[in-house]
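Visitor: test case, fold it:
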Amino acid sequence: MLKRILLTLGLLLALSAPAWAVTGTCYWVSGTSWNNSADWAATTGGVGGTCVSNGVSGIPKAAGDVAVLDASSPASTTLLVDVDLTIAQINMTALTGSSGLDGNGHNITLTTSFLGSG
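Guide: Numbering: from 1, shown residues only. You can find the predicted model right below:
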């Protein structure tokens, strides 16, 4: 009986969790356009087009998503944000070289934090 109650409570909690509570982490691995799923991977240095996000088509665009630009991201390249964003976090702490991010006049809203180094 206790097991049934615990399972029921667990199911209710899972169903009532807000969508932004579940994150998708996407790694920038190629290209120059934020809004191109082929430029995002599920792992650092992974194959583009494999990111699983809460957004659309494997692109970090939803409030729970995390975008990571790191040492495996394209060198000496600027990632152009070509869509308004509301995501959890942008992490650029391991980005090397002269690569960067250009907001291009679009709104970028972070629900948790921006992590960078320089």
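
Visitor: contacts and neighbour counts: CA atoms only from here.
Guide: Fine.

Visitor: count the residues that sit near residue 117.
Guide: Neighbour count for residue 117, taken as other CA atoms under 10 Å: 9.

Visitor: for it, which non-adjacent residue is spatially closest?
Guide: What sits nearest to residue 117 in space, not counting adjacent residues and going by CA to CA, 6 or more residues apart in numbering, is residue 93, at 5.0 Å.

Visitor: ok, the one you found - contacts?
Guide: Residue 93 sits next to 69-70, 115-117 when contact means CA atoms under 8 Å, 6 or more residues apart in numbering.

Visitor: buried among these? Need that as a selection in PyMOL.
Guide: Command for PyMOL that selects the buried part of the contacts of residue 93, burial taken from 16 or more other CA atoms under 10 Å:
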select buried, resi 69+70
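
Visitor: closest to residue 48 among the contacts of residue 93?
Guide: residue 69 (13.3 Å; CA to CA).

Visitor: check what pLDDT that closest one gets.
Guide: The per-residue pLDDT reported for residue 69 equals 93.

Visitor: pretty sure residue 46 sits against residue 28.
Guide: No - shown here, residue 46 and residue 28 do not form a contact pair, counting by CA atoms under 8 Å, at 9.2 Å.

Visitor: only alpha carbons, please: show stretch 97-112 as CSV.
Guide: The C-alpha trace of stretch 97-112 is given here as CSV (Å, rounded to 0.1, in the frame of the first residue of the first chain):
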residue,chain,number,x,y,z
GLY,A,97,40.5,31.7,-29.1
SER,A,98,38.6,34.7,-30.4
SER,A,99,35.2,33.0,-30.8
GLY,A,100,32.3,34.9,-29.4
LEU,A,101,28.6,35.7,-29.4
ASP,A,102,26.8,38.5,-31.3
GLY,A,103,23.2,39.3,-30.1
ASN,A,104,22.6,41.0,-33.4
GLY,A,105,19.9,43.2,-31.8
HIS,A,106,17.8,40.2,-30.5
ASN,A,107,16.6,39.9,-27.0
ILE,A,108,18.5,37.3,-24.9
THR,A,109,16.8,36.5,-21.6
LEU,A,110,18.6,34.2,-19.1
THR,A,111,16.5,32.6,-16.4
THR,A,112,19.5,31.6,-14.3
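
Visitor: right, I'll call it a day here.
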